[in-house]
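**Student:** one predicted model, sequence on top.
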Amino acid sequence: VVTLSLLMYPVLRSLALQLHSAITGSYISGTHSIAFINCLNEQIAKDIARAIMDKKLAAYVNILPKSSALYFWKGELEESTEILLIVKTRTSKIGELSNYVRSIHPFEIPEIISLPIDQGNPLYLKWIEENVPRD
């Protein structure tokens, strides 16, 4: 019974938060997230952004121009240029987004990290909600 309760906790919490939001009309911190994905070049970035949008895993993807990057890879200091995707989505979609991007990304270990959105323009956050289907 305890195991079942613990397994159900995320589902029950999600339902409680949705109910609270529906009743009060207020935003619940962390409901949406921003994901960062680095890409080798602009074409790969556009292809991945388009694929994310086609699967409705995000409401919006920014493609930022080249930036310089320094990082360790297999024990060696590397330097490259990369294109950054900034993805706005539901927090509940981050796992699916990450799995999907890993399946199509050419990097052996693509950078896919996310941060929850604490606050923001309520109308924009509602727009994200309307454009990314629930689980």
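**Tutor:** All right, it came through fine. Numbering: from 1, shown residues only.

**Student:** quick one: contacts of stretch 49-57?
**Tutor:** The set of residues external to stretch 49-57 that reach it, using Cβ atoms under 8 Å, 6 or more residues apart in numbering, is 58, 61, 63, 85, 87, 89, 93, 96-97, 100-101, 104, 131-133. Glycine gets a C-beta too; all of them are placed from N, C-alpha and C.

**Student:** mind picking the lowest-pLDDT entry from those?
**Tutor:** Confidence by pLDDT is poorest for P133 among these, given 94.

**Student:** residues touching that residue, list them.
**Tutor:** When contacts are counted by Cβ under 8 Å, 6+ apart, P133 is found next to K56.

**Student:** from F72, how far out is it?
**Tutor:** The gap separating P133 from F72 is 38 Å, by Cβ to Cβ, to the nearest Å.

**Student:** next: K46.
**Tutor:** 28 Å.

**Student:** phi and psi next, for G25.
**Tutor:** Summarising the backbone geometry of G25 under the convention degrees, to the nearest 10, its torsions are phi 70, psi 10.

**Student:** what about it, how many neighbours?
**Tutor:** Counted by other Cβ atoms under 10 Å, the residues lying close to G25 total 9.

**Student:** kindly report the same for the one 5 residues further on.
**Tutor:** For G30, the count of nearby residues is 12 (other Cβ under 10 Å).

**Student:** could you look up the SS state of the closest residue to D135 other than its chain neighbours?
**Tutor:** In space, D135 comes closest to S92 once its chain neighbours are excluded; the distance is 5.3 Å by Cβ to Cβ, 6 or more residues apart in numbering. Here S92 is recorded as helix under DSSP: H, G, I helix; E, B strand; the rest coil.

**Student:** count of residues packed around S92?
**Tutor:** Under the neighbour criterion other Cβ under 10 Å, S92 is assigned a count of 15.
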